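Colleague: sequence and predicted model, in that order:
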Amino acid sequence: VLMQGAAEGISINFSSGDDADNMASTGLSTPTVQYPASSPWGTAIGGTTLLMSADGNYRSETGWAWTWEDTGSSG
């Protein structure tokens, strides 16, 4: 399904998760991203805060992160 969507120009987006990476639960020594966000046929989207002006124009966007741990979205 993901490959077909990509071939047809359809964007398929997944949450990247907001717990840094998948190292602890897999026992791996390198950071990984969980499926389906890890699929090359989709796009991993991390959490962001979007600021808009009163007239609806884009002002800024900031990625979510735990400032005390320096971790955030894993995408």
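Modeller: Sure, I can see it. Numbering: from 1, shown residues only.
Colleague: am I right that A6 sits in a strand?
Modeller: No: according to DSSP: H, G, I helix; E, B strand; the rest coil, A6 belongs to no strand; its state is helix.
Colleague: show the pLDDT at the nearest residue to it once chain neighbours are set aside.
Modeller: In space, and not counting its chain neighbours, A6 is closest to W41: 4.7 Å by CB to CB, 6 or more residues apart in numbering. (Glycine included, C-beta is placed from N, CA and C.) According to the prediction, W41 has pLDDT 91.
Colleague: measure W41 to S60 for me?
Modeller: Using CB to CB, to the nearest Å, we find W41 at a distance of 31 Å from S60.
Colleague: so for the two, which sits in the more crowded spot?
Modeller: W41 (13 against 10; other CB atoms under 10 Å).
Colleague: for S15, see how far away that one is.
Modeller: The gap separating W41 from S15 is 16 Å, by CB to CB.
Colleague: hey, where'd the strands end up in this protein?
Modeller: Taking DSSP state E as the criterion, the chain carries its strands at 13-15, 43-45, 48-52, 58-63, 65-66, 71-72.
Colleague: I45: what's it in contact with?
Modeller: Neighbouring residues of I45 by CB atoms under 8 Å, 6 or more residues apart in numbering: N13, F14, S15, S16, G75.
Colleague: what pairs with it across the strands?
Modeller: With beta bridges defined as DSSP bridges, I45 has these partners: S15.
Colleague: confidence score at it?
Modeller: Looking at I45, its pLDDT reads 77.
Colleague: from I12, how far out is it?
Modeller: Using CB to CB, one obtains 10 Å as the distance from I45 to I12.
Colleague: check R59 too.
Modeller: Noted for R59: a distance of 28 Å to I12, by CB to CB.
Colleague: more neighbours: those two, which one.
Modeller: Per other CB under 10 Å, whichever of R59 and I12 has more neighbours is I12, with 15 against 9.
Colleague: pretty sure that one is touching A37, no?
Modeller: No: with contact defined as CB atoms under 8 Å, I12 does not count as touching A37 (10.6 Å).
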